[in-house]
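# sequence plus predicted model, see below.
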Amino acid sequence: MKRIVIALVAVAFASTAFADGAETFAKKCAACHGKDAGGAGMYKQPIKGKPEADVLKVIKEGKGKMKPVAIDNADEVAKYVAGLK
């Protein structure tokens, strides 16, 4: 029973983190990367499905025209983008 409760708490936390990452992406990233991260605005290439570590690195360090972005939950945003297909 204890394992089931721990598993449910972990799933709930992961779901919340995913939702937070999606919300932040919609507010701060979608204008340039598209609502579905399929490319739009200033960045026409899709970023959806890119490895989480790569997305996080670009958020923190920037790349090309994109400057580093200060996002409190950058890891959640990277996880969200990596999970898009």
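Done, it's in.
# skipping its backbone neighbours, what lies nearest the most centrally placed residue in the chain in space?
For the chain, the residue whose C-alpha lies nearest the mean C-alpha position (Cα atoms, centre = their mean) is V77; its distance is 2.2 Å. Computed as Cβ to Cβ, 6 or more residues apart in numbering, the closest residue to V77 that is not its neighbour in sequence is G21, at 4.7 Å. No exception for glycine: its C-beta is placed from N, CA and C like everyone else's.
# tell me the pLDDT at the one you found?
Per-residue confidence at G21 stands at 94 (pLDDT).
# contacting residues for it?
When contacts are counted by Cβ atoms under 8 Å, 6 or more residues apart in numbering, G21 touches N73, E76, V77, A78, K79, Y80, V81.
# got it, and G34?
For G34, the set of contacting residues under the criterion of Cβ under 8 Å, 6+ apart consists of A40, G41, P46.
# thought the last one was touching G39?
In this case it means P46. Yes - counting by Cβ atoms under 8 Å, G39 is a contact partner of P46 at 4.7 Å.
# low-confidence regions, the chain specifically.
When the per-residue scores of the chain are filtered using pLDDT under 70, the ranges that remain are 1-19.
# show me the helices in the chain, by range?
Defined through DSSP state H, the helices belonging to the chain, from first to last, are 2-28, 30-33, 52-61, 74-83.
# about what we covered before: just the buried residues out of the contacts of G21, in ChimeraX syntax.
Selecting only the buried members of the contacts of G21 in ChimeraX, with burial defined as 16 or more other Cβ atoms under 10 Å, works like this:
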select :76,77,78,79,80,81
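# closest one of the contacts of G21 to A53?
The shortest gap between A53 and any of the contacts of G21 belongs to A78, at 7.6 Å (Cβ to Cβ).
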